[in-house]
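Novice: Fold the following and give me the result.
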Amino acid sequence: MNIFVLVKRTFDTEEKIVVNGGQIDEGGAEFIINPYDEYAIEEAIQVRDAQGGTVTVVTIGDEEAEKQLRTALAMGADSAVLINAEDLDDLDQFGAAHILAEYLKDKEADLILAGNVAIDGGSGQVGPRVADLLGINYVTTITNLDINGTDVTIVRDVEGDSETLTTSLPLLVTAQQGLNEPRYPSLPGIMKAKKKPLDELELDDLDIDEDDVEVKVETVEIYLPPQKAAGRVLQGELQDQVKELVNLLHTEAKVV
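Specialist: You can find the predicted model right below:
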């Protein structure tokens, strides 16, 4: 089975985000594989081990993204591809989907996996857009995947409930939390990853027009949410606390 995983390099979720001059300050920040993409990588490895085939991880970025690709290889992926887009001033979901679809169009992929969302943008658009451009089926927010030949049974998350559906390969799915438990790279895996193929492509290697990567979304402003005020502890008898609480809800919170 020919399996591809779309991954993205994102801020470490434990990092404190700093905004300077209306831009996110990346100086000194740690970057990781987008956490939802880790579920996609793990599922791809499990499918390969059960069905046979190869797993290729693909990302768009600059040379700094090689670290995240090597991590995916250490987890168990067979090969990696970096599509170098450092010459682009900006890239939105529209452009990213066109680049990935152009790369994948002649790869005869049986299964493509991606994270449900990227934690830095949260749009969840790239995976479905890629599938649409390739003209293949896609299912989002999956929590279980069962493949039998070309027939696929999927359980997907639907706002606190679940939905079971059937479809067929070729297929693109996006991974939701709960699909599996991503493995940590082992020391042998890390050593093997150094020898696994990691290919780098330039945009000139793909049949991409400027219109295909023209940014369609304008970022108007980037800012951090206001700091929450400290909570207030009410004092006195319970009856007095209740009266004060009602008064505060009416005069300050203005919710009653």
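Novice: Quick check, Asp199 in contact with Ser79.
Specialist: Yes. Using Cβ atoms under 8 Å, Asp199 is in contact with Ser79, at 7.3 Å. For glycine as for every other residue, the C-beta is placed from the backbone atoms N, C-alpha and C.
Novice: neighbour count winner among the two?
Specialist: The residue with more neighbours, out of Asp199 and Ser79, is Ser79; 16 against 13, by other Cβ atoms under 10 Å.
Novice: Any chance of the backbone angles for that one?
Specialist: Per-residue torsions, Ser79: phi -150, psi 170 (degrees, to the nearest 10).
Novice: show me the contacts for it.
Specialist: Neighbouring residues of Ser79 by Cβ atoms under 8 Å, 6 or more residues apart in numbering: Thr54, Val55, Thr56, Val57, Leu73, Lys196, Pro197, Leu198, Asp199.
Novice: dump the residue contacts of the third one.
Specialist: Read it as Thr56. Going by Cβ under 8 Å, 6+ apart, Thr56 touches Ile3, Phe4, Val5, Ala77, Asp78, Ser79, Ala80, Val81.
Novice: ok, and the most crowded of the contacts of Ser79?
Specialist: The residue in the contacts of Ser79 with the most neighbours, by other Cβ under 10 Å, is Val57 (29 neighbours).
Novice: Touching, it and Val81? I think so.
Specialist: Yes. Using Cβ under 8 Å, Val57 is in contact with Val81, at 7.4 Å.
Novice: host element of Lys191?
Specialist: Quick fix: residue 191 is Met, not Lys. Assigned by DSSP states H and E, Met191 belongs to helix 187-193.
Novice: same deal with Gln177?
Specialist: Here Gln177, judged by DSSP H and E, is contained in no helix and no strand.
Novice: excluding its backbone neighbours, what's nearest it?
Specialist: Leaving aside its chain neighbours, Gln177 sits nearest to Tyr39 (6.7 Å; criterion: Cβ to Cβ, 6 or more residues apart in numbering).
Novice: Enumerate every residue touching the one you found.
Specialist: Contacts of Tyr39 by Cβ under 8 Å, 6+ apart are Gly115, Ala175, Gln176, Gln177, Leu179, Asn180, Pro182.
Novice: Show me which of those residues are buried.
Specialist: The neighbour count (16 or more other Cβ atoms under 10 Å) marks Gly115, Ala175, Gln176, Leu179, Asn180, Pro182 as buried among the contacts of Tyr39.
Novice: Test my guess that the second one contacts Asn116.
Specialist: Yes. At 5.9 Å, Ala175 and Asn116 qualify as touching, with contact defined as Cβ under 8 Å.
Novice: which neighbours do those two share?
Specialist: Common neighbours of Ala175 and Asn116 (criterion: Cβ under 8 Å, 6+ apart): Tyr36.
Novice: now, among the buried ones among the contacts of Tyr39, which is nearest to Gly189?
Specialist: Ranked by distance to Gly189 (Cβ to Cβ), those are led by Pro182 at 12.7 Å.
Novice: can you pull the contacts of that closest one?
Specialist: Glu38, Tyr39, Ile41, Glu42, Met75.
Novice: what about it, which helix or strand?
Specialist: Assigned by DSSP H and E, Pro182 belongs to no helix or strand.
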